[in-house]
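missing the sequence, but the structure's below:
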């Protein structure tokens, strides 16, 4: 839809600037141990970013297709976590950084269990966990999962698949080693499904949507579909943060500070939780198998926009906007988003205004925009404790607001005046607890 206002697309401008400047980097080399990958144009360079509102930004060769390779690993890991849960999956695949390259024999001495799902051995075991009566059925589950993360139907580059199968003896050896130790949840032939998984064709734009889905707690911000639960998304991001960049994971986390995953075709994704997903494609790789231009671009983006996940967040507006205490009554009003930090501030405000013996308390949430699980749990627990101590509790919230939905056990009012009137005068059939 056309608008009369200025186009304030500073995100695309930043991506274009990085594309034009970093495209001149000629370090690294295109992977050639898979012959078909050696045919990639080393000058290809695409960048894409997708926000939590589903807005898409890109520069360069962002629509050029290539094979996903190891960037598929976090998403298949998400699939099996959704199917079996963390405890069962970790019976077969560990969660510790290997400190070694992507194709190292990083298996526990006693069990044969691979160190994590981001190295090849762990990814093969993860693929073997995908339910399916046949190899074809298992792969269809994988392809469907990757497609849902991308928000569109994906397909396989058959030429790359054949090339991987012809040169994949080391991955077959890893599968047989795990199988001989009883650490592979399937037959060694599952490695061919893994080859097909790596040969799924994507664009840089697809990878940005996939990364943004993890950033958005498992909900695809473009399609609106819940692909995996928030719990699974958090678990995947944790392993990406510690293991996603192989033996360079520590340096990456220190300098860039975002969960990430690279692949030997030149793909690289990074996730800024609750902000966006970003992807880069550039075939020339450094010694750790990571695209040189991709590393440079994401380091600059992280520094430019202050994205390091260990960075102290920007100080927000005060949570408590009003706090009044009388002899028999107390009132607190809050605003903004109630996460752990905001809820902790709110509870201190409640403590300060709560009467010593009985009386009533009104919590005004009309200006609260969102309330996450931690905030809702903290506030609900505090209100329950106030009731147990004999206080009458009323919550002021818009009737259809979602911010106070977790507080439904307490009496809800659409205005402060009605809440105060109920607290002072009572209501037939309600009693002293304030519950409806």
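Perfect, I can see it now. Everything quoted here is computed from the prediction, not taken from an experiment.

Could you identify the longest strand within the protein?
For the chain, the strand with the greatest residue count under DSSP state E is strand 360-371.

Quick check: which ranges of this protein have low pLDDT?
1-8, 101, 103, 313-315, 400-409, 427-436 (pLDDT under 70).

domains in it, as residue ranges please.
Using automatic domain parsing, the domains assigned to the chain come out as 10-305, 320-425.

Save those domains as TSV, and put in mean neighbour count and distance to residue 311 too.
The way it works is simple: take the backbone N, C-alpha and C, and place the C-beta from them, glycine included. What follows is the domains of the chain, written out as TSV (neighbours: other Cβ atoms under 10 Å; distance: least, Cβ to Cβ, whole Å):
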stretch	mean neighbour count	distance to residue 311
domain 10-305	21	7
domain 320-425	18	15
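
Between those, which one is closest to residue 312.
Residue 312 sits nearest to domain 320-425 of all the domains of the chain, at 11.2 Å, using Cβ to Cβ.

Now do that closest one: distance to the chain's middle.
Relative to its chain's centre, domain 320-425 lies at 31 Å (Cα atoms, centre = their mean, to the nearest Å).

So what would you say the end-to-end distance of that domain is?
Domain 320-425 has its terminal residues 26 Å apart, counting by Cα to Cα, to the nearest Å.

quick one on the thing from earlier: and the domains of the chain as CSV, adding distance to residue 312?
Output for the domains of the chain, formatted as CSV (distance: least, Cβ to Cβ, whole Å):
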stretch, distance to residue 312
domain 10-305, 12
domain 320-425, 11
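
what's the helix or strand for residue 164?
helix 158-166 (DSSP states H and E).

so who does residue 225 touch?
148, 151, 219 (Cβ atoms under 8 Å, 6 or more residues apart in numbering).

gap between it and residue 209?
11 Å (Cβ to Cβ, to the nearest Å).

so residue 274, which of the three states?
coil (DSSP: H, G, I helix; E, B strand; the rest coil).

So residue 266 versus residue 279, what's the distance?
In terms of Cβ to Cβ, residue 266 sits 11 Å off from residue 279.

Show me which of the contacts of residue 225 is closest to residue 415.
Using Cβ to Cβ, the contacts of residue 225 come closest to residue 415 at residue 219, 33.2 Å.

residue contacts, that closest one?
Per Cβ under 8 Å, 6+ apart, neighbours of residue 219: 213, 225, 226, 227.

cutoff 7 Å now
By Cβ atoms under 7 Å, 6 or more residues apart in numbering, the contact set of residue 219 is 213, 226.

Also residue 129?
For residue 129, the contacting residues are 80, 84, 89, 92, 185, by Cβ under 7 Å, 6+ apart.

could you redo the last one with a cut-off of 8 Å?
Counted by Cβ under 8 Å, 6+ apart, residue 129 has contacts 80, 83, 84, 89, 92, 93, 185, 186.
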